[in-house]
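Visitor: model the structure of this input:
(chains A and B)
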Amino acid sequence: MSPRVSQQLSLVGLPHSGKTSFIAALWYMVDQMTGPCGLKLEKLEGERKHLNQIRDAWIGYRPVPRTSMATEKVVSMILRNEKTNATATLHLPDLSGEGFQEQWSKRHLARKYEAQLASSIGALFFIHPNLVKPHRIDDIEEISAVVTKSIPSDASENKFVAKPVSWNAEKSPTQVQLVELLQIIGTRKSFKPPFRLAVIVSAFDLAAHLGLTPVEFIERELPMLKQFLDANGHMFECNFYGLSAQGGEYHSPELLDNMILNPAALWARILANQEPLCQWLNAEMTATTKQAIAGAADAPALRRALAEALNSLLGRGDLWSPDRFAAIQLREETAYQLDNLLLKASKENTEVMAVNRLLLEESFGTEVSREWKNRNGHSDLVKLHPLERVSVFGTSVTNPRDITEPIQWLMR
Amino acid sequence: MSGENTELKGDLAESILSDELDSEFSDIYRGKEMNEEAALAFASSRPVRLVVIAGEVKGGKTTLLTTLYEMFQDGPVSGQNFAGSFTLPGLENRCHQSRVESENETELSPRTPYKGPEPTYLHLRTSPKEQPRDATDFLFTDVSGEMFEHAIDSEKECKELTFLLRANHFILLLDGEKAVRDGKWSMVQNGRTLLQSCIDYGMLPKFCAVTVIWSKFDYFEAALSPAREGNQKFCDDIEADFRTRFGHRVGSLSFRRIAARPKRKRELGFGYGVGKLLTEWLETSLTAKPMHLHPELPMGSRESELFTLRHPAPAS
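Guide: Sure thing, here's the model as predicted:
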């Protein structure tokens, strides 16, 4: 079978739409000799450092590092369908998504993206179920009237009147911004219809409770976008997918209020300023933070204030120092994670936070809980083989573990 | 609308509404409201229904338009799908004051500033759910009520509203809130005089469909008997008067009652009557054809005059 000319594909989506998680999982999957992928990696063009970073985070069950517009470089992944021998070049122009949002808010288009669009026959179009939806005042006025009636008249007379907020384009409804992204594609000089769109609802597990197919989800949650796609079917040929690229929700080192077990004792130890870590915390907490803690009216308020204070320092790379923890016998798990972190030249923020959380638990054994947010879900997730973490949904999907299904549809 | 090269695709939007270029970024259409020049360029390549929305200051002109747009955000309207808009940021900006995110306590529509006789336009494209390629491009004027107040008082200023000569639909809003108050006769008189002036000065083409709309109709509906019956009779009488005066002088004359955002009677539902209005626009035969941009005629100096010269009205 002779190889055909490689088809060019783009990747489109607003910030936080799941592009990076998809690429992290894809980068791992297409590089496996065995597994469910119908496409294999033929070649990568461009810098692979960032791809490796996000892949490592994905394999390590950590949130993939945030991609910033300033640091990203153009990368193209050349994929081959082993059955048909066809190849496709997937361009990854803007994983951060900021460039896509700027098309809407700043009305300009990166030339590198435009050039890729010009050669592309289609795109993966990402949508996260966490949508920005407008709320009409008239929808809530009735509710607010009821609330106002229940407030004593003297209180309502003294109510705070907020200053109206100016329109901010970036806070426009998700579906409006998505329609505009497509209109911009459709108005390029180089546009050749029909342009194929694999519309992917990412983190589809979050929307599972709705019991909807991906296209039903779009129709219900983004009706204007769905109408636009229906009305412009001659321009955009669509197929709809749901995708869970993580396999579930990761645990988080962030402290919740109820994880501060004994707030009074914890604050007393910090205030005493005797132990090295308490001295560091005392020095690093702002005066405002300390006032908020000191002014807490009751135990729940104190828990909240302390959790906020500690969370604000959780990402600090200088929380740990050998002297500060010399008197503490670290658990094996903590020591292992700390050693791993110290060996890394480039430290992800999520890794730093995780180790710092362990260090706080070691230092404040009776005051800070060892329970983590979503620990159980995370425990279930890590039992899965990486190849089992991906789920693809959609009426045309033949292998729900194959993350390349949408790409294969674009290549068909 | 159907046919080749009339979809959203094309260089048109880029060429008429572009920002300046720089090295890293390429321009895209601005997306705000279109000025006369941009509307003219837009209408040169495709049939467009021009809907002129006229009425007093705070009469609900912008609200009518933003409500129709917001209805599409919830789903198809009267069997029509939202098929696109080249003025999405302009529409979104106008919706902001009626959304919670503005932190306004009650919904507001931005007051459209008066900047002389040049209108601004907002674009909306719809297509039937069953026949997606049969799309219709609407251009709606978004002009200050003051512009029409000037036209009432002065023949010269009325004749400066040259965009009226191209209108497929002339929507005259009669403010329902005022209609249940003491100022109702003044409000009706102003509306009647505006329509009279536009007709007398030859500013409304014969093919233009005129729709008189009682806006904020929830004020009528919320009234208790016998005021309610009185309001109904008032409406009926005014409509009869309009029919007698203007029925034979315009292409068509119809009446509608809408409550775009019915505060006084919420049971009417958001956009009460707006869907039917859209249907009426779509069902009215469109005699306008793709506009001719380069007539062999001496050019005027004002852009609005150029617009008129380039788009002569068809023989009536």
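
Visitor: what's near enough to touch residue 108?
Guide: Since no chain was named, I'll use chain A. A:Glu102, B:Asp19, B:Phe25, B:Ser26, B:Asp27, B:Ile28 (C-beta atoms under 8 Å, 6 or more residues apart in numbering or on different chains). For the C-beta atoms, the positions are set from N, CA and C on the backbone; glycine is no exception.

Visitor: hmm, no, I was thinking of chain B.
Guide: Applying C-beta under 8 Å, 6+ apart to B:Leu108 gives the contacts B:Gln97, B:Ser98, B:Ser102.

Visitor: PyMOL command for the buried members of those residues?
Guide: Buried residues among the contacts of B:Leu108 (16 or more other C-beta atoms under 10 Å in any protein chain shown), as a PyMOL selection:
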select buried, chain B and resi 97+98+102
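
Visitor: tell me the one of the contacts of B:Leu108 nearest A:Gln337?
Guide: B:Ser102 (46.6 Å; C-beta to C-beta).

Visitor: which of the contacts of B:Leu108 come close to chain A?
Guide: Of the residues in those, proximity to chain A by C-beta under 8 Å from any C-beta of the partner chain holds for B:Gln97, B:Ser98, B:Ser102.

Visitor: as JSON lines, those with secondary structure would be great.
Guide: Listed next are these as JSON lines, based on DSSP: H, G, I helix; E, B strand; the rest coil:
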{"residue": "B:Gln97", "secondary structure": "helix"}
{"residue": "B:Ser98", "secondary structure": "helix"}
{"residue": "B:Ser102", "secondary structure": "helix"}
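
Visitor: pLDDT check: weakest of the residues you listed?
Guide: For these, the weakest pLDDT value sits at B:Ser102, with 84.

Visitor: quick check, it in contact with B:His96.
Guide: Yes: with contacts counted by C-beta atoms under 8 Å, B:Ser102 reaches B:His96, the gap being 5.2 Å.

Visitor: among the contacts of A:His108, which are in strands?
Guide: B:Phe25, B:Ser26, B:Asp27 (DSSP state E).

Visitor: compute the first-to-last residue distance for stretch B:137-146.
Guide: End-to-end span of stretch B:137-146 (C-alpha to C-alpha, to the nearest Å): 27 Å.

Visitor: quick check, it touching chain A?
Guide: No: contact between stretch B:137-146 and chain A is absent, the nearest approach being 12.0 Å (criterion: C-beta under 8 Å from any C-beta).

Visitor: ok, A:Trp409 to A:Thr398 distance?
Guide: 10 Å (C-beta to C-beta, to the nearest Å).

Visitor: higher neighbour count, the two?
Guide: A:Trp409 (20 against 10; other C-beta atoms under 10 Å in any protein chain shown).

Visitor: mind checking the SS state of the spatially closest residue to the more buried one that is not a sequence neighbour?
Guide: Counting by C-beta to C-beta, 6 or more residues apart in numbering or on different chains, A:Trp409 lies nearest to A:Asn239, which is 5.2 Å off, once chain neighbours are set aside. For A:Asn239, the assignment made with three-state DSSP gives strand.

Visitor: which bits of the stretch 151-300 of chain B sit near chain A?
Guide: By C-beta under 8 Å from any C-beta, the residues of the stretch 151-300 of chain B that approach chain A are B:Arg261, B:Lys263, B:Arg266, B:Phe270.

Visitor: which one of the residues you listed has the most neighbours?
Guide: B:Arg261 leads those on contacts (other C-beta under 10 Å) with 25 neighbours.

Visitor: all strands for the stretch 101-250 of chain A, in order.
Guide: A:108-110, A:120-127, A:195-201, A:236-244 (DSSP state E, counting those that start in this stretch).
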